[in-house]
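Enquirer: Here you go, sequence then predicted model.
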Amino acid sequence: MIYIIELVVQKQHRSSQVLKGIPSILVQDGQLNTKELAKNHIELEQLRSLLRAQNCFSLKEAKYVILETSREVSVMKNEEVNSTLAVLLIDEGRVEVKALESIGKTEEWLLEEIRKKGMRSQQTLFMLNGLRKKGCISFLIQRK
């Protein structure tokens, strides 16, 4: 049976994609692809964990992230960005209070920083990272 399936897969490109799957580009040129995340049922914290396993400690560091058919990620780092540990401060519009506390900041500080960036509230954001050592916002993505 396996031999027959393998023959079909080798002969037919479309059946190969259906049976084996195709890689998904989660980050392309430093831009997070939220549609691919949803399609692959990956939450931001899962993605961040996968990136840390590849020695990539911030989404800002990632130029390309590819979810392979084996469910592992391949990461091409952005050479222009220095490596520093980022903390997820807003996850899908929700403020992560413990993360804010870990960098010594308050929710009021966060809301003021969001306003400085031209946003009205955290609900307009899909995600927002802060840098642990510097206590500043490093990366944000608006909801679409």
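Expert: Good, I have the coordinates.
Enquirer: Point out where this structure drops to low pLDDT.
Expert: Along the chain, the parts satisfying pLDDT under 70 run over 1-20, 81-85, 132-144.
Enquirer: Try it again at 90.
Expert: With pLDDT under 90 as the threshold, the chain has low-confidence stretches at 1-23, 25, 28-32, 34, 44-45, 48, 56-63, 69-72, 76-107, 109-144.
Enquirer: Assign residue 55 to helix, strand or coil.
Expert: Here residue 55 is recorded as coil under DSSP: H, G, I helix; E, B strand; the rest coil.
Enquirer: quick one: it from residue 36, how far?
Expert: Distance of residue 55 to residue 36, given as C-beta to C-beta, to the nearest Å: 22 Å. Every residue, glycine included, has its C-beta placed from N, CA and C.
Enquirer: first to last residue in stretch 98-110, what's the distance?
Expert: The stretch stretch 98-110 measures 13 Å between its terminal residues, going by C-alpha to C-alpha, to the nearest Å.
Enquirer: Just the buried residues of that stretch, please?
Expert: Neighbour counts over stretch 98-110 (16 or more other C-beta atoms under 10 Å) mark 99-100, 103, 105, 110 as buried.
Enquirer: right, and out of the residues you listed, which lies closest to residue 127?
Expert: Of all the buried residues of stretch 98-110, residue 99 has the smallest distance to residue 127: 11.5 Å, by C-beta to C-beta.
Enquirer: circling back: put together JSON lines for the buried residues of stretch 98-110, with secondary structure and distance to residue 89 on each row.
Expert: Listed next are the buried residues of stretch 98-110 as JSON lines, based on DSSP: H, G, I helix; E, B strand; the rest coil; distance: C-beta to C-beta, whole Å:
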{"residue": "99", "secondary structure": "helix", "distance to residue 89": "5"}
{"residue": "100", "secondary structure": "helix", "distance to residue 89": "6"}
{"residue": "103", "secondary structure": "coil", "distance to residue 89": "8"}
{"residue": "105", "secondary structure": "coil", "distance to residue 89": "8"}
{"residue": "110", "secondary structure": "helix", "distance to residue 89": "6"}
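Enquirer: would you list the residues you listed in JSON lines and tack on distance to residue 26?
Expert: JSON lines is the format used below for the buried residues of stretch 98-110 (distance: C-beta to C-beta, whole Å):
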{"residue": "99", "distance to residue 26": "21"}
{"residue": "100", "distance to residue 26": "26"}
{"residue": "103", "distance to residue 26": "25"}
{"residue": "105", "distance to residue 26": "28"}
{"residue": "110", "distance to residue 26": "26"}
